[in-house]
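Student: dropping a prediction and its sequence here:
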Amino acid sequence: MTLPAPPLAPYASRPEESRGRLHPEPESASRTAFQRDRDRIVHSTAFRRLQYKTQVFVYHEGDHYRTRLTHSLEVAQIARSVSRALGLNEDLAEALALAHDLGHTPFGHAGEDALAAVMRDYGGFGHNDQTLRILTRLERRYAGFDGLNLTWETLEGTVKHNGPLASPSGTIAEYVARHDLELATWPAAEAQVAAMADDIAYNNHDIDDGLRAGLFAVKDLAEVPLAGPVLHDVAARHPGIDEPRLVHEAIRRLIDRMASDLAAESRRRLAAARVKSAGEIRALGAPVVGFSDALAGEAKGLRAFLFERMYRHYRVNRMASKARRIVQELFRLLLAEPECLPTEWRLAAAGAGTPATARLVVDYIAGMTDRFALDEHRRLYDRYAPT
């Protein structure tokens, strides 16, 4: 039996108080505005593509590594749980969690770095800006507008999920000129929860993926903050436990510990701030959702271990190097020869080497899955590959 949702706290975002959508639409009789946002994200083409976009490992390296899709689902689960504990709007938190990675390129951060480098003279590239492009322009499914026409609260939380933006550019600057997202303030608490849920998910699941890939061993985690004590406790409580169960149980407990600390510390901050509305949270000038100082320090130590032993591992570096070359070679060829783009993209191109064509090519490449990018590179560069 599913328990009913608890009453919303005074500082929660309420769909009936939403600031609305850029293009007005009639309300649904069966779903709230934030539930409709979540559903539009789930049904989008960009969301489906996350299945074959990776976090750290390229998709073909193994079936059990995290993809952007599985990661987004895990973030959404954590965000809903923490939001429920704080009396926040679970539907808005879920929508934000599901949308936060839509703008990521193929091959994870290596792909983003590659596009940022080649776009330096054409207005730049960032996954946050690309997410807004997808949500407001590139998804073309609805008869009355481009994009998904999400509520102000969902767009605000997506753009500002890591905090205020002092110097917006690109799509974000253009969009807020039409639909002000108040970039100088912190977002509502639901967006802050979604951002912290992202941290919890990738810290823990990168441990799992790193162990599965053999980049480090369980024994290497013995002295690592957060992970070491939990692994030791599980092993002591279950003598002789096999390693896969040990790892799963430890990660399960790590997620619970971090989520519980996040809820407790955020509850303390909210009580101290005495906020009575989502608007008052935005006006505080500081986040109300976060870890305690003790856990934040431990999380920093865990992150340092992962940075050194996983993200800078030579195997990951080699993969990233290949990924950057693939993305940059695709960009250079298609910018110089836009006639090689698929028909619907070629017809929209503004001419070889122009800034408009550069942006078009980047939209095309950023939307690729890992698999499609590898295949497209092969089609364009391998003279024996079918076109």
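Tutor: Good, I have the coordinates. Numbers count the residues shown, from 1 in each chain.

Student: how many neighbours does T154 have?
Tutor: Counted with other Cβ atoms under 10 Å, the neighbours of T154 add up to 28. Heads up, the C-betas are built off the backbone N, CA and C, glycines and all.

Student: cool, E265 as well?
Tutor: E265, neighbours per other Cβ under 10 Å, totals 20.

Student: which residues touch it?
Tutor: 290-292, 295 (Cβ atoms under 8 Å, 6 or more residues apart in numbering).

Student: mind putting those into TSV with secondary structure and distance to R318?
Tutor: Converted to TSV, the contacts of E265 look like this (DSSP: H, G, I helix; E, B strand; the rest coil; distance: Cβ to Cβ, whole Å):
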residue	secondary structure	distance to R318
G290	coil	36
F291	coil	34
S292	coil	38
L295	helix	34
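
Student: and these, which of them are buried?
Tutor: Among the contacts of E265, the ones that count as buried by 16 or more other Cβ atoms under 10 Å are 290-291, 295.

Student: distance to E25 and pLDDT for the contacts of E265 - can I get that in a markdown table?
Tutor: Shown next, in a markdown table, are the contacts of E265 (distance: Cβ to Cβ, whole Å; pLDDT from 0 to 100):
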| residue | distance to E25 | pLDDT |
| --- | --- | --- |
| G290 | 35 | 98 |
| F291 | 38 | 98 |
| S292 | 42 | 98 |
| L295 | 42 | 98 |
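
Student: per-residue pLDDT, the residue lying closest to P187 once chain neighbours are set aside?
Tutor: Nearest residue to P187, sequence neighbours excluded (Cβ to Cβ, 6 or more residues apart in numbering): K160, at 4.3 Å. We have a pLDDT of 94 for K160.

Student: check the one 3 residues further on too.
Tutor: Each residue has a pLDDT score; the one for G163 is 92.

Student: adjust the sequence numbering to begin at 24 for everything that follows.
Tutor: Okay, residue one is now 24; in that scheme the one you just asked about reads as G186.

Student: give me the element it is part of.
Tutor: Using DSSP states H and E, G186 sits within no helix or strand.

Student: how about it, what does it touch?
Tutor: By Cβ under 8 Å, 6+ apart, the neighbours of G186 are 209, 310.

Student: what separates it from E135, distance-wise?
Tutor: Using Cβ to Cβ, to the nearest Å, one gets 19 Å for the distance from G186 to E135.

Student: now swap in I195 and tell me
Tutor: From I195 to E135 the distance is 16 Å (Cβ to Cβ).

Student: can you check A343 too?
Tutor: A343 sits 11 Å away from E135, taking Cβ to Cβ as the criterion.

Student: tabulate the contacts of E288 (JSON lines), appending distance to E331.
Tutor: Shown next, in JSON lines, are the contacts of E288 (distance: Cβ to Cβ, whole Å):
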{"residue": "G313", "distance to E331": "25"}
{"residue": "F314", "distance to E331": "21"}
{"residue": "S315", "distance to E331": "25"}
{"residue": "L318", "distance to E331": "21"}
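
Student: closest one of the residues you listed to M142?
Tutor: G313 (32.6 Å; Cβ to Cβ).

Student: that closest one contacts A322, correct?
Tutor: No: using Cβ atoms under 8 Å, G313 makes no contact with A322, being 10.6 Å away.

Student: which one is D386 nearest to, not counting chain neighbours?
Tutor: L161 (6.1 Å).

Student: residue contacts, that neighbour?
Tutor: 69, 169-170, 386, 390.

Student: quick one: low-confidence ranges for the stretch 24-173 of the chain?
Tutor: Flagging of the stretch 24-173 of the chain using pLDDT under 70 yields the residue ranges 24-28, 79-87.

Student: ok, the residue nearest to D386 to R59 distance?
Tutor: 19 Å.

Student: do L204 as well
Tutor: In terms of Cβ to Cβ, L204 sits 19 Å off from R59.

Student: cool, and G233?
Tutor: 38 Å.

Student: list the residues that contact the nearest residue to A359 once chain neighbours are set aside.
Tutor: Distances taken as Cβ to Cβ, 6+ apart put A375 closest to A359, at 5.6 Å, once the chain neighbours are dropped. A375 sits next to 358-361 when contact means Cβ under 8 Å, 6+ apart.

Student: output these as CSV; include the columns secondary structure.
Tutor: Output for the contacts of A375, formatted as CSV (DSSP: H, G, I helix; E, B strand; the rest coil):
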residue, secondary structure
L358, helix
A359, helix
E360, coil
P361, helix
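
Student: just the buried ones among those residues, please.
Tutor: In the contacts of A375, the ones that pass as buried (16+ other Cβ under 10 Å) are 358, 361.

Student: let me know the closest of the contacts of A375 to R402.
Tutor: So of the contacts of A375, ranked by how close each gets to R402 (Cβ to Cβ), first place is E360, at 13.2 Å.

Student: so for the closest one, what's the pLDDT?
Tutor: If you check E360, the pLDDT there is 98.

Student: contacts only, for it.
Tutor: Neighbour list for E360: A375 [criterion: Cβ under 8 Å, 6+ apart].

Student: how much space between it and L403?
Tutor: Taking Cβ to Cβ, one finds E360 at 9 Å from L403.

Student: can you check A133 too?
Tutor: 19 Å.

Student: neighbour count winner among these two?
Tutor: A count of neighbours by other Cβ under 10 Å puts A133 above the other of A133 and L403, at 23 against 15.

Student: does the more buried one lie in a helix or a strand, and which?
Tutor: Assigned by DSSP H and E, A133 falls within helix 131-141.

Student: A140: neighbour count?
Tutor: 13.

Student: ok, it touching Q351?
Tutor: Yes: with contact defined as Cβ under 8 Å, A140 reaches Q351; the gap is 7.0 Å.

Student: what does T90 show for phi and psi?
Tutor: phi -110, psi 170 (degrees, to the nearest 10).

Student: what residues are bridge-paired with it?
Tutor: T77 (DSSP bridges).

Student: please report how far it lies from L96.
Tutor: For T90 relative to L96 (Cβ to Cβ), the value is 10 Å.
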